[in-house]
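Undergrad: Just to be clear, the model below is a prediction. Sequence and coordinates:
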Amino acid sequence: MTQSRSISIALILSLALPLVTLGPATASAQQGIRGQVLPSHTMLRRHGLVRMWWGQATLDPSRDVIAHMVVDEDIVVIQASSGAVTAFDNESGRRIWSAQLGPRDAPSQPAVTNRDFTFIPAARKLYCLDKFSGELLWELKLPRTPSTSPAVSEDQIFYGSYDGSIFAFDLHRVRELYRKKELTKWGFLARQWRFKTGKQITTPPIVTDRVVNFASLDNSLYSITTGSPRLQWQSETDSPVSAPITYHGGFLYIACEDFNLYCLNAENGNARWQPFPSGFPIRRAPRVIGQQVFIFPTAGGLFSLSALTGKRNWWRHGITDFVGASHRRVYTTDHVGNIVILRRTDGAVLGTMPLRQFGVKFANNRTDRLFLATNSGMLVAIREAGADHEFPVYHQNPDLLPILPEFAPETPRPAAPAGAAPAAAGGNGTTTTPKN
């Protein structure tokens, strides 16, 4: 498929589908699309929250549902079961692009992003789009069907397959071949290496500066150097890994079928602390916010652990999943889909919001924003109220936070009397001399 053809298909799709994305709602709007009710301002204010924006993803509500929702520090990506993809700006809610990728209703994996690009596996192809315009930059036929989402760095992309292989591709080489219109014929030249394990790859790869980590059904966790398929370390587990692996601050948090949570150094595989026994199956990825690790065992409630020691801070029954966190709160769900607000320090319940109609709740461990969606594609973004929360908190990648401008005080300082000594400027060790 050529770039111009792909863009034309995306344009036709956006015009033809019964629902198209709407812009952010006005402050007074309480109704969404076709009678779907948005969280009311009154209810949100009661819990110290505000609605930032809402919008509608491009999909056909008579047959499609949301297959995946992915959020990073810049955009929200909604993938419909039909293959339609819609991207929104995180903070403004502006729809920035939409596209139809792959055959209609083809199986897909959740999108992944880096600083500039969005990568979406659909069927046996990997699509790369400009993150902020949606322009299709290339599409690559994959040698095996993906079993997980890929992992991406600035220069490479890695993905696992059902036959137990991990593949690494050179992104610069892929783009070069595409520009020369040679990617379809010579795409295998962009493949850097393949590493074969005993059984299916079960977790999305985790890539660092030096290694890529992943788990296989052969009850092993592998660490391979990114530049070549050299085994850095291998850790055999008594039972298979039961949830996606979480990476934070140089450590891997791994849940296994033995009901234990493990913490290993990503570079050398050494254990940071003794395994934590949850007593229940752990099917959801651990979430790490600051120095807290949150795990959500099936029917086991929520455990808050110390990231430094693995010791339990507190436990709260009746909680099923993670939605987001701020400095003082953690937002979770209960068994019927309500949002339950907990205090981070001790797990005390601060409030409950009946938002069961939003069946898709993104587990956002990257910022302090909450992103909820209905299966018919209506999306709403929520943040905590107050000027201190107008800019997002970046939990996972604080180095990506833009430098915020410093504003002059609203009330100017009174002029110094004639002959007075220069006043010291606040905090920077310099002095200011008044002008005559």
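TA: Yep, it's here.

Undergrad: Can you list the low-confidence ranges for the stretch 251-400 of the chain?
TA: The model of the stretch 251-400 of the chain has no residue with pLDDT under 70.

Undergrad: where along it do the strands fall?
TA: 251-255, 260-265, 271-277, 287-289, 292-295, 302-306, 312-316, 319-325, 329-334, 339-343, 349-353, 360-361, 370-373, 378-384 (DSSP state E, counting those that start in this stretch).

Undergrad: Stretch 346-366: which residues count as buried?
TA: By 16 or more other Cβ atoms under 10 Å, the buried positions in stretch 346-366 come out as 347, 353, 355, 357-358, 360-366. C-beta coordinates here come from the backbone N, C-alpha and C atoms, glycine included.

Undergrad: what about that stretch, how long is it end to end?
TA: Distance across stretch 346-366, first residue to last, is 22 Å (Cα to Cα, to the nearest Å).

Undergrad: And stretch 162-178, by the same measure?
TA: Criterion Cα to Cα; first-to-last residue distance in stretch 162-178 is 27 Å.

Undergrad: now that stretch: mean pLDDT?
TA: Across stretch 162-178, the average pLDDT comes to 94.

Undergrad: Let the chain start at 438 from now.
TA: All set: I'll call the first residue 438, so the last point we hit is now stretch 599-615.

Undergrad: Can you get me the centre-to-centre distance for it and its chain?
TA: Offset of stretch 599-615 from its chain centre (Cα atoms, centre = their mean, to the nearest Å): 22 Å.

Undergrad: which SS class is P476?
TA: coil (DSSP: H, G, I helix; E, B strand; the rest coil).

Undergrad: Save the buried residues of stretch 783-803 as a markdown table, and put in distance to V644 too.
TA: Output for the buried residues of stretch 783-803, formatted as a markdown table (distance: Cβ to Cβ, whole Å):
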| residue | distance to V644 |
| --- | --- |
| G784 | 33 |
| M790 | 36 |
| L792 | 34 |
| Q794 | 37 |
| F795 | 32 |
| V797 | 27 |
| K798 | 26 |
| F799 | 22 |
| A800 | 20 |
| N801 | 21 |
| N802 | 17 |
| R803 | 16 |
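
Undergrad: which of those residues sit farthest apart?
TA: Largest separation among these by Cβ to Cβ: G784 and Q794, giving 26.3 Å.

Undergrad: quick check: domain ranges of this protein?
TA: Using automatic domain parsing, the domain ranges for the chain come out as 579-673, 678-735.

Undergrad: Redo those domains as CSV? Include mean neighbour count and distance to R749.
TA: What follows is the domains of the chain, written out as CSV (neighbours: other Cβ atoms under 10 Å; distance: least, Cβ to Cβ, whole Å):
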stretch, mean neighbour count, distance to R749
domain 579-673, 18, 24
domain 678-735, 19, 7
